[in-house]
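Engineer: Sequence and computational prediction follow.
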Amino acid sequence: VSRDTIEALGDIVGHDGLIVDPALMQPYLSDWRDRFHGRALAVVRPRSTAEVARVVEHCVAAGIAMVPQGGNTGLAAGATPVGLERAVVINTSRMRAVRNIDAAAGTIAVESGCVLSDVQAAARQAGRYFPLSLAAEGSAQIGGLISTNAGGTAVLRYGSMRALVLGLEVVLPDGSVLNGMRTLRKDNAGFDWKQWFIGAEGTLGIVTAAVLRLFPAQHTIRTALFSLPTIEDAMRAFAAVESALGELLVAAEIIPDIAVEMRARFHPSEAFPAPRDGWYLLAEATSALSGLEDQIDAVLLDIVEAGIAKGCTVANNPAQREAIWAWRETITESERRFGTSAKHDVSVPVSAVVPFVEEAGAAVAAAFPSTTVVAFGHAGDGNIHFNVVIPQQESIAAEDVNVLVHRIVAAYGGSITAEHGIGRYRRDELPAHRSEAEMSAMRALKQALDPRGLMNPGAVL
Ligand SMILES: Cc1cc2nc3c(=O)[nH]c(=O)nc-3n(C[C@H](O)[C@H](O)[C@H](O)COP(=O)(O)OP(=O)(O)OC[C@H]3O[C@@H](n4cnc5c(N)ncnc54)[C@H](O)[C@@H]3O)c2cc1C
């Protein structure tokens, strides 16, 4: 590829938007976990949809592959140009305008480079609430969150990203712009094409803007941590809380004591906020109504009095709430100090969480006795982060552990990725978990929209 061809990208995005210096490109060429590394001719940072369209047209004419990238916090290496000879990374960080916010209608129109925490703040300022929340929210961008159909902690009530997108604007792999920035709640006119791009991991086009749903601000927030002897008790407590609190329940996370033990080893001065037991259930209930605290507490107390949970701690102020959530959100970070992890971001039907965790735990213990299983996560929607910590000195291949765990996931009718996506990390496993007909339908859509295969090649398919 000639130097002029690359320099011409600078004419489109401005020369401060084109990075060609190998040292400056580095942060854009590896994934968040620093496990995957790629190469690119340049990193291009457009400022507008029009610039994205011109960049795509230029790349197509030159036969250059394009890898869309947002905050680069993805966990499937979908935004890393691994093994590509002639590729550019198209990073949306400079497209961060809030185009419109309509508090009354409950909508916000944002460009794809808006960072999630900024969207939450904009909603708050308008007296509204944007419910998507995850540990990477200070860096993850709307385009990336849409392209991975991100989940997070509030899926139980609000659904994942797919349920929060009303309108979408996409630059297709030929450089044309598909504008569907509608704010409608109901719209059955033809195919709902925006769904093709939500969760497509940048393989079908570049998301440049979206209309998102906003919700009423929540005035009652109750966060509780139950202590329970077994995972079965934790799931029983979840079922009891869910039927008593109904739509008030926004999050339900299960945490094994081994995760608490791991964090406590490195934070000895921080007291765990509940009595120690085998498992914990973190449950959060919220409402737009204020003053529901006592009613919610009565429900929580019932669970303890019914003998399901041994104890329950309820946060009485934002600092206590944060302290409870910290024990959930730093599990992965704590694990890292004990070795490398074979990670499984799986989902099973909620009714199968207990047998799945038990069966997979026993199978891993038998096959890889030196490892430690840390299974935690969004119990309310069946998404378990089934992590297997491999001690540093062991030479166990994570892929061997993956095959074993995913076989059990499949037997329970589950999915090998509930949140993070396929990307390049799990691409070779996908055909074993989707029928030939499903794979053909996916390939047909890809072929129709990206016949030259230049949009994020090597990801997903
Ligand atoms: C600490 C931590 C916690 C996390 N917790 C969660 C969690 O709870 N739930 C969850 O679902 N995920 C979670 N993730 C994963 C990650 O944050 C999400 O996948 C997020 O959506 C990625 O957004 P991003 O902007 O960083 O995208 P990137 O990493 O830049 O890209 C992700 C994928 O989307 C594509 N893409 C990016 N932008 C665009 C665009 N504009 N148009 C088309 N394609 C695009 C990329 O090509 C890539 O395939 C977590 C990650 C970390 C590091």
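Structural biologist: Thanks, I have the structure now.

Engineer: For the chain, what lies in contact range of the ligand?
Structural biologist: Counting by C-beta under 6 Å from any ligand atom, the chain comes close to the ligand at 32, 67-75, 78-79, 92, 112, 134-136, 140-141, 143-145, 147-148, 150-152, 201-202, 206-207, 419-420, 423, 456, 459. From N, CA and C alone the C-beta is placed, and that goes for glycine too.

Engineer: Give me the secondary structure label for the residue nearest to residue 320 when sequence neighbours are not counted.
Structural biologist: Excluding the flanking residues, the one nearest residue 320 by C-beta to C-beta, 6 or more residues apart in numbering is residue 273, at 7.0 Å. Going by DSSP: H, G, I helix; E, B strand; the rest coil, the secondary structure assigned to residue 273 is coil.

Engineer: go on, residue 90?
Structural biologist: Assignment for residue 90 (three-state DSSP): strand.

Engineer: ok, now which ones touch it?
Structural biologist: Applying C-beta atoms under 8 Å, 6 or more residues apart in numbering, we find residue 90 in contact with 44-46, 52, 55-56, 66-69, 206.

Engineer: Roughly how far does it sit from residue 203?
Structural biologist: Distance, residue 90 to residue 203, by C-beta to C-beta, to the nearest Å: 13 Å.

Engineer: Determine the three-state secondary structure at residue 75.
Structural biologist: Classified using three-state DSSP, residue 75 is coil.

Engineer: re earlier: which of the residues of the chain next to the ligand fall in helices?
Structural biologist: If you go by DSSP state H, these have 143-145, 147 in helices.

Engineer: ok, and what's touching stretch 175-185?
Structural biologist: Against stretch 175-185 from outside (C-beta under 8 Å, 6+ apart): 49, 53-54, 56-57, 60, 102, 105, 107, 109, 166-172, 193-194, 205, 208-211.

Engineer: Swap in 6 Å and give it another go.
Structural biologist: 53, 56-57, 107, 166-172, 194, 211 (C-beta atoms under 6 Å, 6 or more residues apart in numbering).

Engineer: Span of stretch 287-299 from start to end?
Structural biologist: 15 Å (C-alpha to C-alpha, to the nearest Å).

Engineer: strand partners of the helix or strand hosting residue 387, parallel vs antiparallel please.
Structural biologist: Using DSSP states H and E, residue 387 sits within strand 383-390. Strand 383-390 has its sheet partners listed here by DSSP bridges as strand 340-342 (antiparallel), strand 345-347 (antiparallel), strand 372-378 (antiparallel).

Engineer: so can I have TSV of the ones you listed showing mean neighbour count and mean pLDDT?
Structural biologist: Putting the strands paired with strand 383-390 into TSV (neighbours: other C-beta atoms under 10 Å; pLDDT from 0 to 100) gives the following:
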stretch	mean neighbour count	mean pLDDT
strand 340-342	20	92
strand 345-347	24	97
strand 372-378	23	95
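
Engineer: could these go into CSV alongside distance to residue 323?
Structural biologist: Below are those laid out as CSV (distance: least, C-beta to C-beta, whole Å):
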stretch, distance to residue 323
strand 340-342, 25
strand 345-347, 26
strand 372-378, 17
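
Engineer: quick one on the thing from earlier: the inter-axis angle of the helix or strand just after the strand holding residue 387 versus strand 372-378?
Structural biologist: Where DSSP H and E defines the elements, the next helix or strand beyond strand 383-390 is helix 398-411. Angle of helix 398-411 versus strand 372-378, following axes from the mean of the first three to the mean of the last three C-alpha atoms, to 10 degrees, is 50 degrees.

Engineer: What strand or helix carries the residue in the stretch 251-400 of the chain that the ligand sits nearest to?
Structural biologist: For the stretch 251-400 of the chain and the ligand, the shortest gap (C-beta to the nearest ligand atom) falls at residue 332, measuring 6.7 Å. Per DSSP H and E, residue 332 falls inside helix 331-336.

Engineer: Counting neighbours, which bits of that helix end up buried?
Structural biologist: Buried residues in helix 331-336, defined by neighbour count with 16 or more other C-beta atoms under 10 Å: 331-332, 334-335.

Engineer: residues in contact with it?
Structural biologist: Against helix 331-336 from outside (C-beta under 6 Å, 6+ apart): 259, 262-263, 341, 374, 376, 389.

Engineer: contacting residues around the residue of the stretch 151-300 of the chain found nearest the ligand?
Structural biologist: Of all residues in the stretch 151-300 of the chain, residue 202 sits closest to the ligand, at 2.9 Å by C-beta to the nearest ligand atom. With contacts defined as C-beta under 6 Å, 6+ apart, the neighbours of residue 202 are 68, 147, 456.

Engineer: run the last query once more with 10 Å
Structural biologist: Counting by C-beta atoms under 10 Å, 6 or more residues apart in numbering, residue 202 touches 66-70, 74, 78-79, 90, 143-144, 147-148, 421, 423, 455-456, 459-460.

Engineer: Likewise for residue 75?
Structural biologist: 31-33, 35, 136, 148, 332, 343, 345, 417, 419-421, 423, 425.
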